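>>> Any chance you could fold what I've pasted below:
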Amino acid sequence: MSIASPRQFLHSLYQTAVAAVSAEKCLPAFLPPAPVKGRTIVIGAGKAAAAMARTVEQHWQGALSGLVVTRYGHGAACQHIEVVEAAHPVPDAAGQYAARRILELVQGLSADDLVLCLISGGGSALLALPAEGITLGQKQAINKALLKSGAAIHEMNCVRKHLSAIKGGRLGLACAPARVVTLLISDVPGDDPAVIASGPTLPDDTSCAQAIAILQKYAIDVPATIMAHLQSGLAETPKPGDPRFARHQHHIIASAQQALDAAAQAAQAAGIPAYVLSDGIEGEARDIGLMHAALARQIADKAQPFCKPCVVLSGGETTVTVKGQGRGGRNAEFLLSLAAALNGQPGIYALACDTDGIDGSEDNAGAIYTPDSAQQALNLGLRAKLMLENNDGYGYFSALGDLIVSGPTRTNVNDFRAILIL
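Below is the predicted model:
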């Protein structure tokens with residue numbers, strides 16, 4: 001089986017994956033019935049929050065109002081639900097303002113009322129309300145340090161929960177005695193709903209002691225007042241089994257597995273066998289790149305564990321321990337590592353993109369690699385290994401004209417990787 005344009009084929013798989021986890025496709029089936037007597041308040045946070053709110057408005061029968069916060073540029077037009085845009089991945093004053101207003105909106109509700117909470121990846125930074133005695137500046141500094149440390153998302157969110165006045169189930173308790181239904185688009189490996197956006201409406205099974213251990217593990221300095229706050233136990237979150245969550249429900253409406261399955265079906269429809277490695281790969285992006293390169297070579301050279309032609313798909317959330325001065329998110333880092341390892345081996349093509357359309361904090365979703373990339377880079381005086389050491393995946397693929405710029409997709413199930421072996 002031959003493909004006229006491997007680039008176009010890989011790009012189409014990415015577009016198919018993103019479409020499969022859009023709010024418009026996934027959310028309507030999970031809408032609860034409207035309350036008989038009470039009000040419906042819609043709240044939410046994340047990169048998909050505005051698109052989710054718009055979808056709710058399009059399908060809701062009855063009155064509603066509310067507020068959601070999303071990343072700058074990820075908004076969507078709503079008539080009854082206010083949309084506030086704020087910063088990601090480092091929180092700002094707009095996110096703090098939105099978080100405070102969301103807490104105010106759920107005060108004084110009755111048992112007849114319904115709170116519909118719309119949560120997606122990115123909500124941890126966007127829903128920024130530091131605990132008492134902690135400043136926004138301190139939260140920003142800790143957040144930046146965590147992002148550069150290589151900490152996994154569940155580790156970062158454990159710390160965030162214990163420094164917050166709204167995450168880790170606290171928003172859920174503030175809604176009492178109303179019924180709460182949380183709809184989630186998962187961006188975390190394993191799809192643990194309490195980790196997505198630091199679980200603002202769900203009980204939390206992590207502890208202050210774990211948050212302290214994570215800060216120590218990555219040698220992140222925090223002010224003495226914050227360490228004392230964690231050590232005192234005052235920052236502890238509500239735990240599973242707490243009866244105050246008895247009237248709460250949650251549903252994961254979209255996940256990385258759904259995106260990968262949709263891409264696999266599209267590839268097979270085009271006559272290319274597709275294999276999903278995992279929807280939850282974690283680890284250093286450069287290490288995962290090496291592993292994928294080794295797998296691609298094994299398929300190309302030895303027909304193991306699959307025969308070519310085929311496409312290998314994977315998802316999850318890798319990390320980058322930043323040591324250089326270059327630009328690029330984890331998808332560019334992964335792809336640059338893969339490029340350095342393959343060094344132009346014929347017949348292997350790859351794409352790595354974030355399903356939210358933004359690779360880290362850059363303006364691209366990711367990039368694409370072809371067997372010609374290595375020679376083109378050499379012609380431009382670029383050395384993949386040197387640029388990898390400088391964490392400059394963006395610079396490498398930008399120079400080649402191989403960045404993928406999709407703009408905000410208004411969904412988020414994290415990394416999408418596709419390797420085509422012909």
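
>>> check which helix or strand covers V181.
Element membership of V181, judged by DSSP states H and E, is strand 179-185.

>>> average pLDDT for the biggest helix by length in the chain?
Determined from DSSP state H, the single longest helix within the chain is helix 285-302. Average pLDDT, helix 285-302: 98.

>>> Distance from that helix to the middle of the chain?
Centroid separation for helix 285-302 versus its chain: 24 Å, with Cα atoms, centre = their mean, to the nearest Å.

>>> How about stretch 348-363?
Distance, centroid of stretch 348-363 to centroid of chain: 12 Å (Cα atoms, centre = their mean).

>>> quick revisit: continuing past the longest helix of the chain, what's the next helix or strand?
Following helix 285-302 in sequence, per DSSP H and E, is strand 310-319.

>>> Which elements pack onto that next one?
Secondary-structure packing of strand 310-319 (3 or more Cβ pairs under 8 Å, 6 or more residues apart in numbering; DSSP states H and E): helix 6-20, helix 256-269, strand 274-284, helix 285-302, helix 330-342, strand 415-421. Using the backbone N, CA and C atoms, a C-beta is placed for each residue, glycine as well.

>>> Which one of these lies nearest to L118?
Across those, L118 has its closest neighbour in helix 256-269 (17.4 Å, Cβ to Cβ).

>>> The closest one: which residues count as buried?
By 16 or more other Cβ atoms under 10 Å, the buried positions in helix 256-269 come out as A256, Q257, Q258, A259, L260, D261, A262, A263, A264, A266, A267.

>>> just stretch 123-141 next, same as before
Buried residues in stretch 123-141 (16+ other Cβ under 10 Å): 123-131, 134, 138-141.

>>> could those be laid out in JSON lines, adding secondary structure and pLDDT?
Formatted as JSON lines, the buried residues of stretch 123-141 follow (DSSP: H, G, I helix; E, B strand; the rest coil; pLDDT from 0 to 100):
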{"residue": "G123", "secondary structure": "helix", "pLDDT": "95"}
{"residue": "S124", "secondary structure": "helix", "pLDDT": "93"}
{"residue": "A125", "secondary structure": "helix", "pLDDT": "93"}
{"residue": "L126", "secondary structure": "helix", "pLDDT": "96"}
{"residue": "L127", "secondary structure": "coil", "pLDDT": "95"}
{"residue": "A128", "secondary structure": "coil", "pLDDT": "92"}
{"residue": "L129", "secondary structure": "coil", "pLDDT": "95"}
{"residue": "P130", "secondary structure": "strand", "pLDDT": "94"}
{"residue": "A131", "secondary structure": "coil", "pLDDT": "92"}
{"residue": "I134", "secondary structure": "coil", "pLDDT": "92"}
{"residue": "Q138", "secondary structure": "helix", "pLDDT": "94"}
{"residue": "K139", "secondary structure": "helix", "pLDDT": "91"}
{"residue": "Q140", "secondary structure": "helix", "pLDDT": "93"}
{"residue": "A141", "secondary structure": "helix", "pLDDT": "93"}
